[in-house]
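# have a look at this fold, sequence not included:
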């Protein structure tokens, strides 16, 4: 079992930065790949980024490539999403999710956090 709690969301102006954190509990967390998804009002939840269990591999949606970076610290049971050059279209609730093998499909994850709101003003 893995429990996930996101933090770090907030209101920021376009062009600004935020760092989201995902705190995990569970002895086997270091064996899980972790992904970030987001959901804007009236839209489907979409893949943003993922990091492999050992932090070596990462992947990003085209819409955030070059602006967002995900990383993890297994010693602290933490995963991070550094978001730079934020745009109004990045406004959404951001979720972290974990499972044994990363995928861009939300149905591939059994463990989810409650989400954190990110709002980017123009």
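Received, thanks. It should be emphasised that the depicted structure is a prediction, and the values quoted were computed from it without experimental measurement.

# hey, let's count contacts and neighbours off CA atoms from now on
Fine.

# report the beta-bridge partner residues of residue 118.
residue 10, residue 92 (DSSP bridges).

# just list the residues touching the residue positioned nearest the centre of the chain, thanks.
Residue closest to the mean C-alpha point of the chain, counted by CA atoms, centre = their mean, is residue 36 at 2.6 Å. Residues near residue 36 by CA atoms under 8 Å, 6 or more residues apart in numbering: 47, 48, 49, 50, 81, 94, 95, 96, 97.

# leaving aside the residues next to it on the chain, what's closest to it?
Spatial nearest neighbour of residue 36, excluding adjacent residues (CA to CA, 6 or more residues apart in numbering): residue 96 at 4.5 Å.

# do the same with residue 79
Counting by CA to CA, 6+ apart, the residue nearest residue 79 is residue 72, at 4.1 Å.

# ok, residue 85 next?
residue 15 (4.2 Å).

# correct me if wrong: the one you found contacts residue 84.
Yes - under the criterion of CA atoms under 8 Å, residue 15 makes contact with residue 84 at 7.1 Å.

# residue 120 touches residue 87, doesn't it?
Yes - contact criterion CA under 8 Å: residue 120 and residue 87 qualify, at 6.1 Å.

# who touches both of those two?
With CA under 8 Å, 6+ apart, residue 120 and residue 87 have common neighbours residue 14.

# contact partners for the closest residue to residue 18 other than its chain neighbours?
In space, and not counting its chain neighbours, residue 18 is closest to residue 83: 5.3 Å by CA to CA, 6+ apart. The contact partners of residue 83, taken as CA under 8 Å, 6+ apart, are 17, 18, 19, 20, 67, 68, 69.

# looking at the residues you listed, which two lie furthest apart in space?
Maximum pairwise distance among the contacts of residue 83 (CA to CA): 13.6 Å, between 20 and 67.

# these two - which one has more neighbours?
residue 20 (23 against 14; other CA atoms under 10 Å).

# for the regular element (helix or strand) spanning that one, buried residues please.
Element membership for residue 20 (DSSP states H and E) is strand 18-25. Across strand 18-25, burial judged by 16 or more other CA atoms under 10 Å covers 18, 19, 20, 21, 22, 23, 24.
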